[in-house]
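[1] take this sequence and fold it.
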Amino acid sequence: MLRIGKIVATHGLTGSVIMTHIIGHSKWLKKEDILFVEMNKDSRIPFFITELKAPKEGEYVLNFEDTKTVEAARKLVGKHVYVNEDVLAKHATDSPLLWIGFKVIDKTGGDLGPIEDIMQTASQWLAKLTYKGKEVLLPLIEQTIEGVDLKKKILHMDLPDGLLEVYLG
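    I've put the predicted structure just below:
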C-alpha cells in the first residue's frame with residue numbers, strides 16, 4: 001500500500017472532504033477505486049468513493065459511501081491516505097511512489113536496504129530508508145538513478161561520494 005496524500009479539510013455540508021496528493025496530476029483516481037485512511041497508527045480503513053472532483057492539480061474533493069455529515073468528515077481531517085499499488089500502477093507507471101519496498105543498490109556501496117517511504121519536496125523526490133541503523137534520505141534525481149528493475153524490485157543508484165557518511169556521522 002502506498003501513501004499518496006492527506007485529507008486536509010471538509011468541503012460543504014454533505015460530508016465531502018478535500019484530499020491533497022503527491023501524484024503530480026489529477027487523472028489517476030477513479031470512482032471505483034478504494035482509498036484507505038489511516039485512522040490510527042498502522043490501522044488503515046477502506047473508504048469507498050461515491051463522487052470525486054479535481055478542482056485543481058494535486059487535489060480532489062471526495063465523497064465517501066459512509067461519510068454523509070460534516071461531523072463524520074471532520075474525523076478524517078489530518079489523516080494520511082493510502083491506495084493499493086495496482087490502482088496507482090494503472091495510472092502513473094513511472095511514479096517514484098511505486099518504488100516503496102524496492103531494494104536500493106548503490107554502485108559503490110552495494111545493498112543499502114529497502115525503501116521505506118517516498119517523499120516529495122518542492123524540487124525533488126526523496127527515498128527514505130534505514131542504513132546501518134540510521135534514517136537516510138536519498139535524492140531520486142536523474143543524476144543518481146542508474147536504473148529501475150520493476151520485476152526484481154531493485155533501484156540501481158550511483159550516489160555522490162560521502163552522502164551516506166553524512167548520515168553515519
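[2] what comes up buried for the strand ranked longest in the chain?
    Scanning the chain for the strand with the most residues, using DSSP state E, yields strand 43-56. Across strand 43-56, burial judged by 16 or more other Cβ atoms under 10 Å covers R44, F47, I49, L52, A54. Every C-beta, even on glycine, is put in place using the N, C-alpha and C of the backbone.
[3] ok now it, how far from the chain's centre?
    Remark: strand 43-56 is offset 15 Å from the chain centroid, using Cα atoms, centre = their mean, to the nearest Å.
[4] how about stretch 99-110?
    Mean-position distance between stretch 99-110 and its chain equals 18 Å (Cα atoms, centre = their mean).
[5] quick one: end-to-end length of that stretch, please.
    18 Å (Cα to Cα, to the nearest Å).
[6] buried residues, that stretch. List them.
    Within stretch 99-110, the residues that count as buried by 16+ other Cβ under 10 Å are W99, I100, F102, K103, V104, I105, D106.
[7] can you pull out the residues in contact with the longest strand of the chain?
    With Cβ atoms under 8 Å, 6 or more residues apart in numbering as the test, strand 43-56 has contacts from 1, 16, 26-27, 29, 31-39, 60-67, 82.
[8] domains in this protein, by residue range?
    Split into domains by automatic domain parsing, the chain comes to 2-91, 97-168.
[9] out of the ones you listed, which one sits most buried?
    Counting by mean count of other Cβ atoms under 10 Å, domain 2-91 has the highest mean neighbour count of these, with a mean of 16.
[10] how much distance is there from it to the middle of the chain?
    Relative to where its chain is centred, domain 2-91 has its mean C-alpha point 13 Å off (Cα atoms, centre = their mean).
[11] for the buried residues of stretch 99-110, which one is nearest G147?
    Closest approach to G147 among the buried residues of stretch 99-110 (Cβ to Cβ): I105, at 9.7 Å.
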